[in-house]
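Peer 1: How does the following fold in three dimensions:
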Amino acid sequence: MHPFRGTLAFGVGWVVIVAVVYWLFHGWSEREAHPNRSVVISPAGEIVLARNRAGQYVAEGEINGARVTFLLDTGATHIAIPASLARELNLKLGPPISIQTAAGSAPAHATRLDSVRLAGFEIRDLAALVSEGLEPGTVLLGMNFLKRLEMVQRGDQLILRPSTSDR
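Peer 2: Presented below is the predicted three-dimensional model:
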């Protein structure tokens, strides 16, 4: 056997091992960061979300029929959308306004959303804010959506169900 073939086989073996370890770790890391990739309503009419490793509740949903990732934010008055996503969704922006965030004052634009869906919960015609300062890829799902649901936190789970009161 030629010595180069043995070295080549050894090198290919290590590349395969490293690729498998990376694939396993990446899958685990992704599940830890975003444990709610496929959210459904239970037969009891509830959504159960698991907290991610950062202590946040993140879930897939839709805005105007387009898939988005929501970060549930009870500290946000309105839904807040990154400007890059607003451009993708062709949202009509209102005049510039200034909003108060945890990091201070930030420029934004008001807009309206035809529909917002989290699993089977859909609310139509909601106000939202569009800001350049938001992290691309994540929409803050604020209280103008969340107040329409009952929220119960148990351990590392958040249970959402339709509200029984008129808020």
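Peer 1: hey, let's count contacts and neighbours off CA atoms from now on
Peer 2: OK.
Peer 1: helix/strand/coil for residue 144?
Peer 2: helix (DSSP: H, G, I helix; E, B strand; the rest coil).
Peer 1: Nearest spatial neighbour of it, chain-adjacent residues omitted?
Peer 2: Closest residue in space to residue 144, ignoring its immediate chain neighbours: residue 78 at 5.3 Å, by Cα to Cα, 6 or more residues apart in numbering.
Peer 1: wait, the one you found sits on residue 130?
Peer 2: No: using Cα atoms under 8 Å, residue 78 is not in contact with residue 130, being 10.1 Å away.
Peer 1: Have a look at the two and say which one is more surrounded.
Peer 2: Taking other Cα atoms under 10 Å, residue 78 and residue 130 do not tie; residue 130 has more neighbours (27 against 20).
Peer 1: ok, and what's touching the helix or strand hosting the more buried one?
Peer 2: Using DSSP states H and E, residue 130 sits in strand 121-131. Contacts to strand 121-131, defined as Cα atoms under 8 Å, 6 or more residues apart in numbering, come from residues 78-83, 86, 93, 106-117, 144-145, 162.
Peer 1: list the buried ones in it?
Peer 2: 121, 123, 127-131 (16 or more other Cα atoms under 10 Å).
Peer 1: Which of the residues you listed sits closest to residue 150?
Peer 2: Proximity of the buried residues of strand 121-131 to residue 150 (Cα to Cα) peaks at residue 121, which lies at 11.8 Å.
Peer 1: beta partners of that closest one?
Peer 2: Under DSSP bridges, the beta-bridge partners of residue 121 are residue 118.
Peer 1: Same check on residue 112?
Peer 2: Going by DSSP bridges, residue 112 forms beta bridges with residue 127.
Peer 1: Pull the contacting residues for it.
Peer 2: Residue 112 touches 91-92, 125-128, counting by Cα under 8 Å, 6+ apart.
Peer 1: from those, which is closest to residue 99?
Peer 2: residue 128 (11.9 Å).
Peer 1: Now the closest one: closest residue in space, sequence neighbours ignored.
Peer 2: That would be residue 79: by Cα to Cα, 6+ apart, it lies 4.7 Å from residue 128.
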